[in-house]
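[1] Build me a model:
(chains A, B and C)
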Amino acid sequence: MVHNSSLFSSWTREEDKLFENALVLFPEETPERWEKIASKVPGKSSDDVQKHYEDLVRDLREIDSGMVELPNYEDEMDSPRWSSESGTNQMWLGGKSKERETERRKGVPWTPEEHRLFLYGLDKFGKGDWRSISRNAVVTRTPTQVASHAQKYFLRLNSMKKEKKRASIHDITGTVDSKSLGQSNDEKWATEPRNQQYNKNHGTSIGYQGFGYPM
DNA sequence: AATAGGGTTACAC
DNA sequence: GTGTAACCCTATT
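    Numbering: from 1, shown residues only, chains lettered A, B, ... in the order given. Here you go, the predicted structure:
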């Protein structure tokens, strides 16, 4: 264990989740930011959350310095294979198959670290700059990956925000538009996906979109 | 079984 | 390259 800071001192997953949520809810410009964030995390003071954030930044700086590659998790998956057999297609045991065929990458879940990095990059580089985030923060993911993750992330955020508060007139967050950060497209993902005949082609996809897949 | 969740790819800009 | 919707698999209810 190289990266052992006070990050995991007494921060549970739930607290961390609340923290992350509050972090994006209250940007840097927010006055009394830590107060507000702390108010969303029961049991934590503003000092706690601020320290938590500092630890986060420090961790990121180390990575940014080009020292640490990336907090890697245990590789649980070696070579996900697709059973071409009939029936259920949900078999992907940890086989040591070295052969790699034209499978369609299953979908590697984001680790908490990656998500943390993502949030940090989001906070630092701003929404929309997936390239910078990919380059400087979440190095393990391509800009597309980051964008995709962000898409789902904000979709979820807006979803629960909408469900919690329902449609409210005070929900409009971008009246004055953004001046520096590109958060004007905040409501693009908030809108529910409409069923429009647009793209129907899929299935025979073998090419992978720029992913540093280990050979 | 249905759906929510989370991830990748195709396609337009 | 970037943004967005279609598509797809998995987990949960």
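[2] what's the pLDDT at the one residue in chain A that gets nearest to DNA strand C?
    Across chain A, the shortest distance to DNA strand C (C-beta to the nearest atom of the strand) belongs to residue A:131, at 2.8 Å. Heads up, the C-betas are built off the backbone N, CA and C, glycines and all. As predicted, residue A:131 sits at a pLDDT of 85.
[3] tell me the contacts of it?
    Applying C-beta atoms under 8 Å, 6 or more residues apart in numbering to residue A:131 gives the contacts residue A:143.
[4] ok, for residue A:15, nearest residue in space, not its chain neighbours?
    residue A:41 (5.5 Å; C-beta to C-beta, 6 or more residues apart in numbering).
[5] er, residue A:34 actually
    Residue A:34 sits nearest to residue A:46 (C-beta to C-beta, 6+ apart), 3.9 Å away.
[6] what separates that neighbour from DNA strand B, distance-wise?
    Noted for residue A:46: a distance of 27 Å to DNA strand B, by C-beta to the nearest atom of the strand, to the nearest Å.
[7] Low-confidence ranges, chain A, go.
    Scanning chain A for pLDDT under 70 picks out the ranges A:1-9, A:13, A:24, A:27-28, A:57-106, A:159-215.
[8] Where does the record place the domain boundaries for it?
    Residue ranges for the domains of chain A, per automatic domain parsing: A:1-68, A:114-164.
[9] Buried deepest among these, which one?
    For those, average neighbour numbers computed from mean count of other C-beta atoms under 10 Å are highest in domain A:114-164, which has a mean of 18.
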